[in-house]
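> Model the structure of this input:
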Amino acid sequence: MGIMKRVGMGAAVAALAITVPGVAFATDRSTWDRAELLKFAALPAETFVPGSEPSGSLLGGTPSNGVVPPFADQPVQGFSGVLRNSDGSFDVLSDNGFGNKGNSADFLLRIQRVGPNFDSGTVDVLGGITLTDPDGKVPFALTRPDRVLTGADFDVESISRTADGTYWIGDEFGPWLLHFDRAGRLLAPPVALPGVFAPENPTRGETPANLNSSKGFEGMAQSPDGRTLYPLLEGTVAGDAPGTLRLHEFDIAANAYTGRRWTYLLDAPGNAIGDAIAVDKDRFLIIERDNGEGATAKVKKIYLADRRDRNRDGQLDKTLVADLMDIANPKRVGGFGKTFTFPFQTIEDVVILDDRTIAVLNDNNFPFSNGRVPGQPDDNEFIVLKLDHDLDADKRVLRRY
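The predicted structure follows:
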């Protein structure tokens, strides 16, 4: 494969195949017709875990979008990954809390279980699990002596679940891969990505960071056979061509990277990815976005990316399957007009429901983002889209959970 590179495990930073200055950025290789909005539901921004611990004490008490911290409980917010359950509910991953390591020490990392009710347009919070390290697998100091994990310990952004019910979670502070049991207990030490270090990584010592903050594993696909993970970095590693992102291969049984990787090329260097999930052994759905929200939101797209590189340009081939700023809504679902937009800064969740239907959720960055209504904190919105074509997905992906 022209886009695959074998990377030495001891190398600090390996060069990608595409390193020519001034490289052209990706454009739509082909485009499907508009996706259609089928269903809409929303979880109010100010939703909290009942009877949980206080949070937001490090936000300084400054109001944001009319919301004044601190909070009496833990907010149910910031969805950065989603998994479908067999009973119609979904597991969603709340990210590191309030945006960075410094202000999220009282935010408890958690997998929430939610159930959308599309008849009423609401989302029920059904429960969830808090992530912990009771057996001391993390080799560096944690924020809390009880080893409950917080947003100052890890920035969890992507999630996958294997057939045994355990969770693999991608982090941005390492970046690391984290393996949890079904109760949220860390099973093994964090697995580092060889040669790549974020500024927040406490194990790098004097090694310079070569990945920007909050640019680690934003997406993570699982192969249809369940044996392999494909974590995708959100940011470009120093020394790589601007706008190129590394897609790595991780062998679950070996608990190690295989050394194979591919390149995803952003449409523009200022864009970022929001999620990556598998369609089959070669293709992935990848959310790509700009940093705008509301009136400034322009690029919110879902691509079908193919690692076979049929045009031999050294990148995953990209087909635009859904423009989230231009969704057909002929039935005026949710009370919106005939064109529906998803104008959020961070859109970080996509899941396949059937071969032609996907669900998409936003990360509302509570209480900071206000992409839907200026001056009001964004809800966690849950939308179902009908695509223009069948995905022709691997049947194992369609049957998963």
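
> so Arg246 makes contact with Leu232?
Yes: between Arg246 and Leu232 a contact is recorded at 7.5 Å, counting by C-beta atoms under 8 Å. Just so you know, the C-beta spots here come from the backbone N, C-alpha and C atoms, and that holds for glycine as well.

> joint contacts of these two?
Common contacts of Arg246 and Leu232 (C-beta atoms under 8 Å, 6 or more residues apart in numbering): Tyr264.

> higher neighbour count, the two?
Shown here are Arg246 and Leu232; by other C-beta atoms under 10 Å, Leu232 has more neighbours (26 against 22).

> In contact with that one, which residues are there?
158, 217-221, 245-248, 264, 273, 276, 286.

> give me the beta-bridge partners of it?
Gly219, Leu247 (DSSP bridges).

> and the gap between it and Arg283?
Distance from Leu232 to Arg283, counting by C-beta to C-beta, to the nearest Å: 13 Å.

> Could you pull out the helices in the stretch 201-350 of the chain for me?
For the stretch 201-350 of the chain, no helices are identified by DSSP state H, counting those that start in this stretch.

> now the strands: where do they sit in it?
217-222, 228-233, 244-251, 256-265, 272-278, 283-289, 300-306, 317-323, 327-328, 339-340, 346-354 (DSSP state E, counting those that start in this stretch).

> what's the closest of these to Asp378?
strand 346-354 (9.5 Å; C-beta to C-beta).

> So what's the gap between the closest one and the chain middle?
Centroid separation for strand 346-354 versus its chain: 9 Å, with C-alpha atoms, centre = their mean, to the nearest Å.

> any idea of the mean pLDDT in the following helix or strand past that strand?
Tracing the chain past strand 346-354, the next element assigned as helix or strand by DSSP states H and E is strand 357-363. Regarding strand 357-363, the rounded mean pLDDT is 98.

> Repeat that for stretch 245-257.
98.

> Contacts for it, please.
So stretch 245-257 is contacted by 7, 9, 16, 162, 168, 177, 179, 188, 191, 193-194, 196, 226-237, 240, 258-266, 273, 276, 284, 307, 316 (C-beta under 8 Å, 6+ apart).

> 7 Å - rerun?
The set of residues external to stretch 245-257 that reach it, using C-beta atoms under 7 Å, 6 or more residues apart in numbering, is 162, 177, 188, 191, 193-194, 227-233, 236-237, 258, 260-264, 266, 273.

> filter the residues you listed to the buried ones?
Burial by neighbour count, judged by 16 or more other C-beta atoms under 10 Å, picks out 177, 191, 193-194, 228-233, 236-237, 260-264, 266, 273 from the contacts of stretch 245-257.

> Now Gly165: closest residue in space, sequence neighbours ignored.
Arg182 (4.3 Å; C-beta to C-beta, 6 or more residues apart in numbering).

> Same question for Gly274.
Nearest one to Gly274, counting by C-beta to C-beta, 6+ apart, is Ile287 at 3.6 Å.

> Would you agree the one you found is in contact with Ile277?
No: between Ile287 and Ile277 there is no contact under C-beta atoms under 7 Å: 9.3 Å.

> what's the overlap in contacts for those two?
Going by C-beta under 7 Å, 6+ apart, residues that sit against Ile287 and also against Ile277 are Val350.

> List the contacts of Phe217.
Glu157, Ser158, Gly170, Asp171, Glu172, Pro175, Pro231, Leu232, Leu233.

> make it 6 Å
Neighbouring residues of Phe217 by C-beta atoms under 6 Å, 6 or more residues apart in numbering: Ser158, Gly170, Pro175, Pro231.

> For these, name the two members farthest from one another.
Ser158 and Pro175 (9.9 Å).

> For Asp124, name its beta-bridge partners.
Bridge pairing for Asp124 - DSSP bridges - gives Gly115.

> Grab the nearest non-local neighbour of Ser120.
Ala41 (7.7 Å).

> same question, Ala278
Closest to Ala278 by C-beta to C-beta, 6+ apart is Ala221, at 4.0 Å.

> in this protein, which segments are predicted with low confidence?
Residue ranges of the chain with pLDDT under 70: 1-29, 401.

> Contacts only, for His179.
Trp168, Leu187, Ala188 are the contacts of His179 under C-beta under 6 Å, 6+ apart.

> same thing but 8 Å
Here His179 is in contact with Thr166, Tyr167, Trp168, Ile169, Leu186, Leu187, Ala188, Val191, Asn255 (C-beta under 8 Å, 6+ apart).

> Surely the first one and Ala183 touch.
Yep, that's Thr166 we're talking about. No: taking contacts as C-beta under 8 Å, Thr166 lies outside contact range of Ala183: 9.7 Å.

> So for these two, which sits in the more crowded spot?
Using other C-beta under 10 Å as the criterion, Thr166 and Ala183 rank with Thr166 on top: 16 against 12.

> Report the separation between that one and Pro194.
Look at Thr166 and Pro194: by C-beta to C-beta, they are 23 Å apart.

> swap in Gly239?
Taking C-beta to C-beta, one finds Gly239 at 15 Å from Pro194.

> Spit out the contact partners of the residue nearest to Ser120.
Pro116, Asn117, Phe118, Ser120, Gly121, Thr122, Val123, Glu381, Phe382, Ile383.

> what's the answer for Asn65, then?
Pro367, Phe368, Ser369, Asn370, Gly375, Gln376, Pro377.

> Just the buried ones from these, in ChimeraX syntax?
Entered in ChimeraX, the line below selects the buried ones among the contacts of Asn65, by 16+ other C-beta under 10 Å:
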select :367,368,369,370,377
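
> Closest one to Leu83 out of the contacts of Asn65, please.
Ser369 (22.9 Å).

> hang on, that closest one packs against Pro343?
No: counting by C-beta under 8 Å, Ser369 stays clear of Pro343, with 10.1 Å between them.

> so the residue nearest to Ala278 makes contact with Phe284?
Yes: with contact defined as C-beta under 8 Å, Ala221 reaches Phe284; the gap is 5.3 Å.

> Quick check: Asn365 vs Gly174, distance?
From Asn365 to Gly174 the distance is 22 Å (C-beta to C-beta).

> Repeat that for Arg161.
The value you get for Arg161 to Gly174, if C-beta to C-beta is used, is 20 Å.

> Next: Phe90.
Phe90 is 26 Å from Gly174, by C-beta to C-beta.
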